[in-house]
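> Build the 3D model from these lines:
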Amino acid sequence: MCGIVGLFAKSPEIEARLGEHLAAMLVQMSSRGPDSAGVAVYRDAAPAGLTIIVGEECKTADGDLVCLFLERPVAPGRPALQTIAEVHSMGGLVGIPHPFDRFRNSLLREAHLASIASQVDWVEAHNARVVGGGGNESAALFAHEQGLPGVAVSDAHSVLEVAVSYVALTGDPSTPEGLLAALPSAELVMSRASYLVRGITPMAKLVNRLRGNARIRPGAADGRPRADGR
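This is a model prediction of the structure:
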């Protein structure tokens, strides 16, 4: 699951420092590369019914986690349990993305890591970018066995993929408590991204690596990409 971040200035007092906060946010996004980021400034409030949740996909030493309702950035490269504890300490929620994907940094490929299930809040039961191998089926079964709500995601890397898969729910998802209460009865709308559209992602990653903008990976203690560029 990729992330979209934003600043929502509720107080007029903070507007004078908007540039300072925007700069700090863009630093955290820099590992995505210039082709993966854009900036838009809106004067008016978000439309009624639109909920914006601050989160990030964090690469832990054990695999990927999706962290929501964050008050501050979460550092990559640490053990999964340590990352989960930090997010929960600020009132946030943690989910496991594409847990059995054979081609990505998936957390549950190692059997012993299933023990973290009691510490997370949901599991991606369907990811539109998972290719073959029964990855989504295994994820849905794991969520059921662990008594965790499952979600469906597009994992969109381009506009063409937005809402390929999604979760339809009732209730108020604007708070951690509200989202957790709504997930068990949510409807999962599931489909798959086309292979043609998926071809955009490797090309974008290659361009970013050539420009020295590889994503931050576990093992980069100084917060910069490893020497291999992965």
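
> Centroid-nearest residue for the protein?
residue 57 (3.5 Å; Cα atoms, centre = their mean).

> helix/strand/coil for it?
For residue 57, the assignment made with DSSP: H, G, I helix; E, B strand; the rest coil gives strand.

> Pretty sure it sits against residue 63.
No: applying Cβ atoms under 8 Å as the test, residue 57 and residue 63 come out as separate, 11.0 Å apart. From N, CA and C alone the C-beta is placed, and that goes for glycine too.

> ok, back up a step: next, work out how far apart the residue nearest to the centre of the chain and residue 141 are.
Distance check for residue 57 against residue 141: by Cβ to Cβ, to the nearest Å, it reads 23 Å.

> all helices for this protein, in order.
Shown for the chain, the helices assigned by DSSP state H span residues 18-29, 80-89, 135-146, 176-182, 195-198, 200-210.

> Name the residues of the second one that come out as buried.
Think helix 80-89. 80, 83-84, 86-88 (16 or more other Cβ atoms under 10 Å).

> Nearest to residue 107, out of the residues you listed: which one, please.
Comparing the buried residues of helix 80-89 against residue 107 with Cβ to Cβ places residue 80 closest, at 6.4 Å.

> Relative to residue 79, how far out is the residue nearest to the centre of the chain?
17 Å.

> And residue 133, by the same measure?
Residue 133 is 26 Å from residue 79, by Cβ to Cβ.

> Same question for residue 192.
32 Å.

> more neighbours, those two?
residue 192 (17 against 13; other Cβ atoms under 10 Å).

> For the more buried one, list the residues it contacts.
Taking Cβ atoms under 8 Å, 6 or more residues apart in numbering, we find residue 192 in contact with 128-129, 164-165.

> Recalculate using a threshold of 10 Å.
126-131, 136, 154, 161, 164-165, 198 (Cβ atoms under 10 Å, 6 or more residues apart in numbering).

> quick one, phi/psi of it?
Main-chain dihedrals, residue 192, degrees, to the nearest 10: phi -130, psi 140.

> which residues in this structure form strands?
55-59, 64-68, 93-96, 122-127, 150-153, 166-168, 187-189 (DSSP state E).

> what mean pLDDT does the third one have?
What that stands for is strand 93-96. Mean pLDDT, strand 93-96: 96.

> Just list what that strand packs against, helices and strands only.
Packed against strand 93-96 by the contact rule (3 or more Cβ pairs under 10 Å, 6 or more residues apart in numbering; DSSP states H and E) you find strand 55-59, strand 64-68, helix 80-89, strand 122-127, helix 135-146, strand 150-153, helix 176-182.

> tell me the most buried of the ones you listed?
strand 122-127 (a mean of 25; mean count of other Cβ atoms under 10 Å).

> how far off strand 64-68 does that strand point, in degrees?
120 degrees (axes from the mean of the first three to the mean of the last three Cα atoms, to 10 degrees).

> by contact count, what packs against strand 122-127?
Against strand 122-127 (3+ Cβ pairs under 10 Å, 6+ apart) you get strand 64-68, strand 93-96, helix 135-146, strand 150-153, strand 166-168, strand 187-189.

> I would like the residues contacting the third one, please.
Translated: helix 135-146. By Cβ under 10 Å, 6+ apart, helix 135-146 touches 96-104, 106, 108-109, 114, 117-118, 120, 122-130, 134, 148-152, 165, 188, 190, 192.

> Right, I'll leave it there.
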